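Enquirer: No letters, just coordinates:
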Ligand code: BDP
């Protein structure tokens, strides 16, 4: 179990939250000498940088953008005197890929993994009613013992360079919000809920964990703030008469008010937003509240100009507006869990999320996209380091599910993206990851992973772990592109026929399909990279999707153009976006809108 609470910071009668976002001091540590030089007590120089943001795209020096190694942040924080006697925590939304946190020179936390939150308990080290110095040492090197996987090499110049086994830029830093919070000594630590529908009523079973023994009460409020159910005890069932269900693009949220009581006194209060809905897989159907849904939407990235992977509230808003405009109902958080605010927005807007752990690059290749269909084998799960990687992976699964389990928008867990599944060694690894997810999720949501093109029905040893089979397929792009698209279609149908013949009785979805397209290029007749070709590619793929009843969803790659490592296969980034990186539509967006708006929610059921 995690030794810190994953609950999102909220102010209530008993809790205080102060944002630490803004300008922080910043310094690169090329020689990794910071700790010896006592930077934990204060970092050198006067350079300032915004938080949250990736550090890379602010600067004009290529050496900074491509920097691999340690880098440091520093900020002074005032801790109010009236907080003495409370539990004081520093909470980082994420530090990519690993961090050590110091307060007033003392180490207070260490965390591995760049896309999930962690807390430092600073109760004993802070000075009250005074300023305190927070220093964070972050490191962005890629390894094969942590996810996402890659290498870090040393160039002849002596500089280190990251070589990702994945296709997105290795943005890093304090990319999400930092908070200073004060909790009562006895506090709510974790909340779990499970929904059951009974006619027009619903039962919400809950479990609350606290840090003490005082009794717990729970109230459920509707959107008008009216109490609709209540219960006592750390475990119980809230009986909701005439429950308003959380539905696709028609969300309804209840507030669950959890209190720790000492007689009439409230020791702690926490409010958790929940939606009442069920999700399950039955035969080849994905059911929400017992009704079939067909997924239409995107694989996305947290990626935008200037701030890179930094959480950007404006970009988030624009992305949801575009997804509504185009008639999408879902997205996958490829290839890492996103900022918590994005799930909150999806909860409100009624979008379905496939929540993905950062397990990408589990196939040894600097151009995974190019080698994905070559049949290449890299013995990825047979390395000496595999057990270490597995531990990091399991830990990320635990952090993700603990963080995201109460979001009604989260309807499935994606536990890996494009791993190497063709060797027997993958099987025990997969088993541990899939079992752990099942054990940790109180709602037992469907689990999946995205299959690379090498993972064909005859060669993949792991597809049976998935409750929903998710395919990443690029017929007509990496395979038989352009004028040869008719061959691509033949090969595509051949593969789908082979899946069909297996009779798996499971839903299939496409978690990736797409063609790189320059927003500036038109060509009649089409050539690859032109907007005309993107439309032809889409048409062929849609025809294949429509030919198989067991295909229950399509999430095109990608929502928007995004930054990658430079190279001959990428034109300043991956250009498979339906929208440009500036969030303007390419021509294909209008075609998708037409299709998605005309598909019924329960298409093919
Ligand atoms: C797949 C990856 C994705 C890439 C995409 C592509 O899952 O991250 O960006 O293909 O090549 O290999 O565009």
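Expert: Okay, I see it. In this text, all values refer to a predicted model and were calculated from it rather than measured experimentally. Numbers count the residues shown, from 1 in each chain.

Enquirer: For stretch 34-49, give me every contacting residue.
Expert: Under the contact criterion CB atoms under 8 Å, 6 or more residues apart in numbering, stretch 34-49 has outside partners 23-27, 29, 55, 58, 70, 72-74, 102, 104-105, 107, 133, 135, 137, 173. (Glycine included, C-beta is placed from N, CA and C.)

Enquirer: so what's residue 350 closest to, chain neighbours aside?
Expert: Taking CB to CB, 6 or more residues apart in numbering, and ignoring the residues beside it in sequence, residue 350 has residue 251 as its nearest neighbour in space, at 3.8 Å.

Enquirer: who touches the most centrally placed residue in the chain in this structure?
Expert: Among the residues of the chain, residue 337 comes closest to the average C-alpha position under CA atoms, centre = their mean, at 1.7 Å. Contacts for residue 337 were tallied using CB under 8 Å, 6+ apart; they are 115, 116, 355, 356, 357, 358, 400, 403, 404.

Enquirer: what's the closest of the residues you listed to residue 394?
Expert: Nearest to residue 394 among these is residue 357, at 9.6 Å by CB to CB.

Enquirer: So what's the residue count around that closest one?
Expert: Per other CB atoms under 10 Å, the neighbour tally for residue 357 reads 31.

Enquirer: Also residue 417?
Expert: Here the count is done by other CB under 10 Å, and residue 417 has 30 residues near it.

Enquirer: Is it in contact with residue 368, as I believe?
Expert: No: counting by CB atoms under 8 Å, residue 417 sits too far from residue 368 to count as a contact (9.5 Å).

Enquirer: Tell me the residues that contact both of the two, please.
Expert: Joint contacts of residue 417 and residue 368 (CB under 8 Å, 6+ apart) are residue 166.

Enquirer: any idea whether residue 255 is helix, strand or coil?
Expert: Judged by DSSP: H, G, I helix; E, B strand; the rest coil, the three-state class of residue 255 is strand.

Enquirer: Specify the beta-bridge partners of it.
Expert: The residues paired with residue 255 through beta bridges, assigned by DSSP bridges, are residue 221, residue 273.

Enquirer: Which of the contacts of residue 337 ranks first by neighbour count?
Expert: Most surrounded of those: other CB under 10 Å gives residue 357, at 31 neighbours.

Enquirer: which residues does that one contact?
Expert: When contacts are counted by CB under 8 Å, 6+ apart, residue 357 touches 147, 336, 337, 393, 396, 397, 400, 413, 414, 415, 416.

Enquirer: Phi first, then psi, for residue 359.
Expert: Its backbone dihedrals place residue 359 at phi -90, psi 80, with angles given as degrees, to the nearest 10.

Enquirer: now the one 10 residues further on
Expert: Reported as degrees, to the nearest 10, the phi and psi values for residue 369 are phi -60, psi -30.

Enquirer: still on that earlier bit, just to be sure, the residue nearest to the centre of the chain is in a strand?
Expert: No: if the criterion is three-state DSSP, then residue 337 is coil and not within a strand.

Enquirer: Please identify the pairing partners of whatever helix or strand residue 203 lives in and their relative orientation?
Expert: When elements are defined using DSSP states H and E, residue 203 is found to belong to strand 201-210. Based on DSSP bridges, the strands next to strand 201-210 in the sheet, each with its direction, are strand 188-198 (antiparallel), strand 235-240 (antiparallel).

Enquirer: Let me know which of those strands is the nearest to residue 600.
Expert: Set against residue 600 and scored by CB to CB, the strands paired with strand 201-210 come closest in strand 188-198, at 21.8 Å.

Enquirer: Could you measure from the residue nearest to the centre of the chain over to residue 576?
Expert: Here the criterion is CB to CB, to the nearest Å. By it, residue 337 lies 22 Å from residue 576.

Enquirer: now the closest residue to the ligand within the chain, nearest residue through space, not along the chain?
Expert: Using CB to the nearest ligand atom, residue 369 is the residue of the chain that sits closest to the ligand, at 3.0 Å. Once its chain neighbours are removed from consideration, residue 369 has its nearest residue in residue 167; the separation is 5.4 Å (CB to CB, 6+ apart).

Enquirer: now do residue 294
Expert: The spatial neighbour of residue 294 that comes closest, neighbours along the chain excluded (CB to CB, 6+ apart), is residue 603 at 3.8 Å.

Enquirer: So what does that neighbour look like in phi/psi?
Expert: Dihedral angles phi and psi of residue 603 (degrees, to the nearest 10) take the values phi -40, psi 130.

Enquirer: my read is the residue nearest to residue 369 is in a strand, agree?
Expert: No: inclusion of residue 167 in a strand is not indicated when three-state DSSP is applied; the result is coil.

Enquirer: what about residue 383, how many neighbours?
Expert: The tally of other residues near residue 383 (other CB under 10 Å) stands at 15.
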